[in-house]
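Q: fold the following, please.
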Amino acid sequence: MSTTRPYPPGDRGPEPSGASGASEGTAADAPSGSPEGRQVRRLRLHGESGVVPLARDFARQALYAWGWLPAASADRRAAAEDVLLVVSELVTNACLHAEGPDELFLACDSKVIRVEVSDRGAGQPAPRTPHRAGRPGGHGMFIVQRLCLDWGVVRTPGAAGKTVWAELGAPA
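A: Numbers count the residues shown, from 1 in each chain. Below is the predicted model of the structure:
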């Protein structure tokens with residue numbers, strides 16, 4: 001299901017600035033926990049080169065830290081690979097259709113992992129309709145839509161850009 005609501009029902013919405021404990025402008029991983037068992041990591045991408053592999057490696061490290069990897073079963077491995085694919089697609093879309101990504105934000109609790117990619121673009125991501133399987137390009141948001149529980153776009157009034165978020169279920 002695609003959506004442009006700010007966040008799915010029952011979601012806490014995007015984290016306030018600095019929620020991970022990372023200082024502004026850092027290009028490093030900043031793990032943190034929360035009272036509810038929610039773990040958060042944030043990576044500044046603005047001005048970095050090779051952002052797609054950088055974002056995937058960062059997400060893979062987070063999955064190891066959070067116990068998603070190494071996977072004990074094929075289902076758990078598939079869930080981790082889905083997260084990495086969604087990270088790749090959202091960061092790639094920010095590179096192709098916005099002015100490049102500013103930040104990757106990952107949050108995980110016992111039920112859901114949330115991926116957010118912030119950029120300065122004005123466009124609105126949407127799956128291509130009709131989807132044309134077998135044709136090159138244009139599959140990014142279709143893939144995100146198929147793999148995720150929900151996804152959407154958050155815009156801050158009076159500020160340039162947006163945050164595209166997606167949520168995937170945690171492996172059982």
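Q: where do the helices sit along this protein?
A: Using DSSP state H, the helices of the chain run over 51-65, 74-97, 140-147.
Q: the residue nearest to the spatial centre of the chain - nearest residue in space that isn't next to it in sequence?
A: With distances taken as CA atoms, centre = their mean, the residue of the chain nearest its centroid is Val115 (2.3 Å). Nearest residue to Val115 in three dimensions, chain neighbours excluded: Ala166, at 5.0 Å (CB to CB, 6 or more residues apart in numbering). Just so you know, the C-beta spots here come from the backbone N, C-alpha and C atoms, and that holds for glycine as well.
Q: which residues of the chain score low on pLDDT?
A: 1-36, 129-131 (pLDDT under 70).
Q: strands of that one, start to end?
A: 39-44, 101-108, 112-119, 150-154, 162-169 (DSSP state E).
Q: next, work out how far apart the residue nearest to Val115 and Phe58 are.
A: Note on Ala166: its distance to Phe58, by CB to CB, to the nearest Å, is 16 Å.
Q: now swap in Ser49 and tell me
A: Per CB to CB, Ser49 is found 14 Å from Phe58.
Q: have a look at these two and say which one is more surrounded.
A: Using other CB atoms under 10 Å, the more surrounded residue of Ser49 and Phe58 is Phe58, with 22 against 6.
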